[in-house]
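Novice: make a model of this:
(chains A and B)
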Amino acid sequence: EADIYQTPRYLVIGTGKKITLECSQTMGHDKMYWYQQDPGMELHLIHYSYGVNSTEKGDLSSESTVSRIRTEHFPLTLESARPSHTSQYLCASSDQTGGQPQHFGDGTRLSIL
Amino acid sequence: LAKTTQPISMDSYEGQEVNITCSHNNIATNDYITWYQQFPSQGPRFIIQGYKTKVTNEVASLFIPADRKSSTLSLPRVSLSDTAVYYCLVGELGGYNKLIFGAGTRLAVHP
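Specialist: All right, here's what the predicted structure looks like:
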């Protein structure tokens, strides 16, 4: 089993709060990704990183930001949460020599009231 | 990145073989075909990957015709626990690739 962890698994929080979703992997993978998925819908790539100090925006525009200070850690931050940010956020990683397959965490289900 | 087309949903019964076909008419020479499975409230999980002809592992088989414009995921003797969404993706294995997930195929296995 892939060792990629996301915390928290569930978060219900009020509008305007700053939120950080954590993602850590113990496989030494250089590539890490964040996807956003609404219930019953497809996954959309919102951020990715090819290594430390490398971050890029994905195909779906997102108000969130990411950082990659350490190989194993790829947190996602929302400075001021809004109800439109309510969704599931999935983190994934893959190794340097191959972009696939991607190993996914179990996601954070975020609800903004 | 090649676009894929899959059926939105499929129904089956326990013990039957299920075949899910994916169309990828614009697949590039360096693209591989990868299938993922996703259960509710979980992230997708890699099932199988191939380039051409047939690939088989302990979970599934993947059939790819010579023109590679489609592929078929075959699940032998499905059980209720195979109820999930199945995604077909095409893309390069290495380099700085990004994966594009489509809507997937929602498989429901009935008793």
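
Novice: near A:Ile19, how many other residues are there?
Specialist: If you count neighbours by other Cβ atoms under 10 Å in any protein chain shown, A:Ile19 ends up with 19. Just so you know, the C-beta spots here come from the backbone N, C-alpha and C atoms, and that holds for glycine as well.

Novice: nearest to chain B: which residue in chain A?
Specialist: A:Phe104 (2.8 Å; Cβ to the nearest Cβ).

Novice: that residue against A:Gln88, yeah?
Specialist: No - A:Phe104 is beyond contact range of A:Gln88, at 11.3 Å (criterion: Cβ atoms under 8 Å).

Novice: the more surrounded of these two?
Specialist: Set side by side, A:Phe104 and A:Gln88 show more neighbours around A:Phe104, with 23 against 20, by other Cβ under 10 Å.

Novice: what about the spatially closest residue to the more buried one that is not a sequence neighbour, which SS state?
Specialist: Once flanking residues are discounted, A:Phe104 sits nearest to B:Gly43: 2.8 Å by Cβ to Cβ, 6 or more residues apart in numbering or on different chains. Using DSSP: H, G, I helix; E, B strand; the rest coil, the secondary structure recorded for B:Gly43 is coil.

Novice: thought B:Gly43 was touching A:Ser93?
Specialist: No - with contacts counted by Cβ under 8 Å, B:Gly43 stays clear of A:Ser93, the gap being 10.9 Å.

Novice: which of these two has more neighbours?
Specialist: Of the pair B:Gly43 and A:Ser93, A:Ser93 is the one with more neighbours under other Cβ under 10 Å, namely 26 against 23.
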